[in-house]
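[1] The amino acid sequence is not available; the structure is as follows:
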């Protein structure tokens, strides 16, 4: 999704009013309970929260010029990879085998067999349409953020086709946009 | 309240900005290698070994060449080598490993007749010289006392539209205001053909 993404894509950015800010905070907190203790540092109540709108119903949540979360339409907020690397335990984890890494890096969606093979790990509790962090076999850090197409159980039983939509991956446009100025 | 989470520190490669462990899948592993050897030697044990071997080779090479020939002959191949690497770096890389073609730096000026005796002068390509288009349009407007605006062109590129026919002295104006723009890289479009301005 962020394969091509640059400052030119931004259609509007504005500082949102306090009530919207509160709502964003709340939904992030509900989605990622693990972030509760640091949310105050991430999204300080005092400093302005900027919502950047981009084509394809994409919104970015930006604080101090650093993009922290993104979401599509009214979907859940998902952290950017830089943020996830800092707080690795806030999301459910999936792990793909080593062979899949290179495809994920070029933006491919995550196929079921890559998750069910010996190198892959599935978190059984994950339902369909949830944000997940994609890890890789033998690596410590997440390499992508995905949105599940089917539940983990289905991935295991069907074992065919796209299991997780690749939303944001290492070295894509959003990753390269470390700061928004 | 639960204990506060500390942000984890992640080592990012200084060359390709990925976490160091993913460099091998990055756009240009070869270029990351020296950095990795220096900053994250434990992640790629093979690499360190390779580097050490290379270093050893170099040393032995040098010893040999010193033994055989004089210093002058020794200097030539090494300088040729450095020239090669700097050229390689010029090539910009797009995500996906594709090599981006280097865009020719040129300014294209076109006159479009809008309404019989009214026309617009379109200036394309100023941004390739590192000129801010909004500044440029302001300057153009001021100089020629007309409207000048930055407009998105047909191919998603931005261009400056200036009202009126200002072809007669826009070249001089451009070369005067931005000395970086050489006169020979300014082109007119006349009857669909590209004609050099100078």
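    That came through fine. Note that the structure is predicted; figures quoted are calculated from it, not measured. Numbering: from 1, shown residues only, chains lettered A, B, ... in the order given.
[2] now residue A:121, nearest residue through space, not along the chain?
    Nearest residue to residue A:121, sequence neighbours excluded (Cβ to Cβ, 6 or more residues apart in numbering or on different chains): residue A:95, at 3.8 Å. Using the backbone N, CA and C atoms, a C-beta is placed for each residue, glycine as well.
[3] likewise residue A:21?
    Distances taken as Cβ to Cβ, 6+ apart place residue A:49 nearest to residue A:21, at 4.7 Å, with adjacent residues excluded.
[4] Any regions of the chain where pLDDT drops low?
    I went with chain A, as the question did not name one. Applying pLDDT under 70 to chain A flags the ranges A:1, A:181.
[5] The chain in question should be chain B.
    For chain B (pLDDT under 70), the answer is B:1-5, B:55-104, B:155, B:197-198.
[6] let's see 80
    Within chain B, the stretches with pLDDT under 80 are B:1-7, B:26-28, B:40-106, B:115-117, B:152-157, B:168, B:190-198.
[7] Give the burial count for whichever residue of it sits closest to chain A, as a bare number.
    Of all residues in chain B, the one sitting closest to chain A is residue B:7 (3.8 Å; Cβ to the nearest Cβ). For residue B:7, the count of nearby residues is 13 (other Cβ atoms under 10 Å in any protein chain shown).
[8] ok, it touching residue A:86?
    Yes: between residue B:7 and residue A:86 there is a contact under Cβ atoms under 8 Å: 3.8 Å.
[9] Pull up the gap between residue B:25 and residue B:13, please.
    Per Cβ to Cβ, to the nearest Å, residue B:25 is found 11 Å from residue B:13.
[10] got the residues of chain A near chain B?
    Contact residues (Cβ under 8 Å from any Cβ of the partner chain) of chain A with chain B: A:3, A:8, A:34-38, A:85-89, A:101-102, A:105-107, A:139-141, A:143, A:170-173, A:175-176, A:178.
[11] ranges for the strands of chain A?
    For chain A, the strands defined by DSSP state E occupy A:12-15, A:49-54, A:58-63, A:66-72, A:78-79, A:93-96, A:110-111, A:131-136, A:144-148, A:162-169.
[12] For the residue of chain A found nearest chain B, give me its contacts.
    Residue nearest to chain B within chain A (Cβ to the nearest Cβ): residue A:86, separated by 3.8 Å. Taking Cβ atoms under 8 Å, 6 or more residues apart in numbering or on different chains, we find residue A:86 in contact with B:7, B:8, B:10.
[13] hang on, the last one packs against residue A:85?
    Yes: contact criterion Cβ under 8 Å: residue B:10 and residue A:85 qualify, at 4.3 Å.
[14] Walk me through the domains of chain B.
    According to the TED database, chain B comprises the domains B:20-61, B:107-196.
[15] okay if I get these as JSON lines plus mean neighbour count?
    Putting the domains of chain B into JSON lines (neighbours: other Cβ atoms under 10 Å in any protein chain shown) gives the following:
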{"stretch": "domain B:20-61", "mean neighbour count": "15"}
{"stretch": "domain B:107-196", "mean neighbour count": "15"}
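[16] Reformat those domains as JSON lines; add distance to residue A:111.
    Shown next, in JSON lines, are the domains of chain B (distance: least, Cβ to Cβ, whole Å):
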{"stretch": "domain B:20-61", "distance to residue A:111": "17"}
{"stretch": "domain B:107-196", "distance to residue A:111": "32"}
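[17] which stretches of chain B form strands?
    Listed in chain order, the strands of chain B (DSSP E) span B:107-113, B:119-124, B:148-152, B:158-163, B:186-190, B:193-196.
[18] what pairs with the fifth one, and is each one parallel or antiparallel?
    Spelled out, that is strand B:186-190. Strand B:186-190 has its sheet partners listed here by DSSP bridges as strand B:107-113 (parallel), strand B:193-196 (antiparallel).
[19] What angle do strand B:158-163 and the first one make with each other?
    Relative orientation of strand B:107-113 with respect to strand B:158-163: 40 degrees, computed using axes from the mean of the first three to the mean of the last three Cα atoms, to 10 degrees.
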